[in-house]
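A.B. asks: I would like to see how this sequence folds:
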Amino acid sequence: MGNSLDIRVRPARPDDRAFVLETAKRLAEFGPPPWRPAELVVTAESRVLHQFFDAPVPDTALLIAEAGDGERLGFAYLETLVDYFDRKPHAHLAELAVARSAEGSGAGGALLSASEDWARSAGYSVLTLNVFEKNAHARAVYERRGFAPETLRYVKILG
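C.D. replies: This is a model prediction of the structure:
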């Protein structure tokens, strides 16, 4: 396992597909509410990733963190969204996942930094992301990195 000193981030290649799709399954482990079944979360995230590999949408990026020996550690998927309030385009970190074996390696931080670099190079001054409300660990990481909550989405299931 590499440490944060030898992690590099690169654009995804076709041969990264299996790793990305397998690692994306972890996104359901981090606090979806009871009305969002894990299978639904995985299916939705996988659909976006399959689309990227099959026919990438403009203004998107899939980044891979890897150790110096080439071991894949995690990925970040970025897209361009339009802000609800000012109607300006901005970068959105739609998915970030690190392999279980790479937790604590610095891969997540490397992917966050690379995501910020991608956003800046695309001319965006804002980078957004969503995180499940119960994912306290990720929320703390994002806040340490300068992200701040903006809105809270409330959901009521009408049975």
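A.B. asks: in the longest helix anywhere in the chain, what's buried?
C.D. replies: For the chain, the helix that runs over the most residues, judged by DSSP state H, is helix 38-54. Residues of helix 38-54 classed as buried by neighbour count (16 or more other C-beta atoms under 10 Å): 41-42, 45-46, 48-49, 52. The C-beta positions use only the backbone N, C-alpha and C, and glycine is treated the same way.
A.B. asks: who does that helix touch, helix- and strand-wise?
C.D. replies: If you count contacts as 3 or more C-beta pairs under 8 Å, 6 or more residues apart in numbering; DSSP states H and E, helix 38-54 packs onto helix 17-24, strand 72-82, strand 89-98.
A.B. asks: Switch the ones you listed over to TSV; also include distance to P32.
C.D. replies: Shown next, in TSV, are the helices and strands packed on helix 38-54 (distance: least, C-beta to C-beta, whole Å):
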stretch	distance to P32
helix 17-24	13
strand 72-82	18
strand 89-98	14
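A.B. asks: so where is the chain shaky, pLDDT-wise?
C.D. replies: For the chain, applying pLDDT under 70 flags the ranges 1-5.
A.B. asks: circling back to that earlier point, quick one: which of the helices and strands packed on helix 38-54 is nearest P58?
C.D. replies: Minimum separation from P58 across those (C-beta to C-beta) falls at strand 72-82, 8.1 Å.
A.B. asks: gap between that closest one and the chain center?
C.D. replies: Centroid displacement of strand 72-82 relative to its chain, using C-alpha atoms, centre = their mean, to the nearest Å, is 5 Å.
A.B. asks: What strands flank it, and is each parallel or antiparallel?
C.D. replies: Pairing partners of strand 72-82, with direction, according to DSSP bridges: strand 61-66 (antiparallel), strand 89-98 (antiparallel).
A.B. asks: Tabulate these (JSON lines), appending distance to R17.
C.D. replies: Shown next, in JSON lines, are the strands paired with strand 72-82 (distance: least, C-beta to C-beta, whole Å):
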{"stretch": "strand 61-66", "distance to R17": "10"}
{"stretch": "strand 89-98", "distance to R17": "14"}
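A.B. asks: out of these, deepest packed?
C.D. replies: Among the strands paired with strand 72-82, strand 61-66 has the highest mean neighbour count (mean count of other C-beta atoms under 10 Å), at a mean of 23.
A.B. asks: Just the CA atoms from that strand would do, formatted as CSV, please.
C.D. replies: Extracted in CSV, the C-alpha atoms of strand 61-66 (Å, rounded to 0.1, in the frame of the first residue of the first chain):
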residue,chain,number,x,y,z
ALA,A,61,-14.1,13.7,-15.5
LEU,A,62,-13.3,10.4,-13.8
LEU,A,63,-10.1,10.5,-11.8
ILE,A,64,-8.2,7.5,-10.4
ALA,A,65,-5.9,7.7,-7.4
GLU,A,66,-3.2,5.1,-7.5
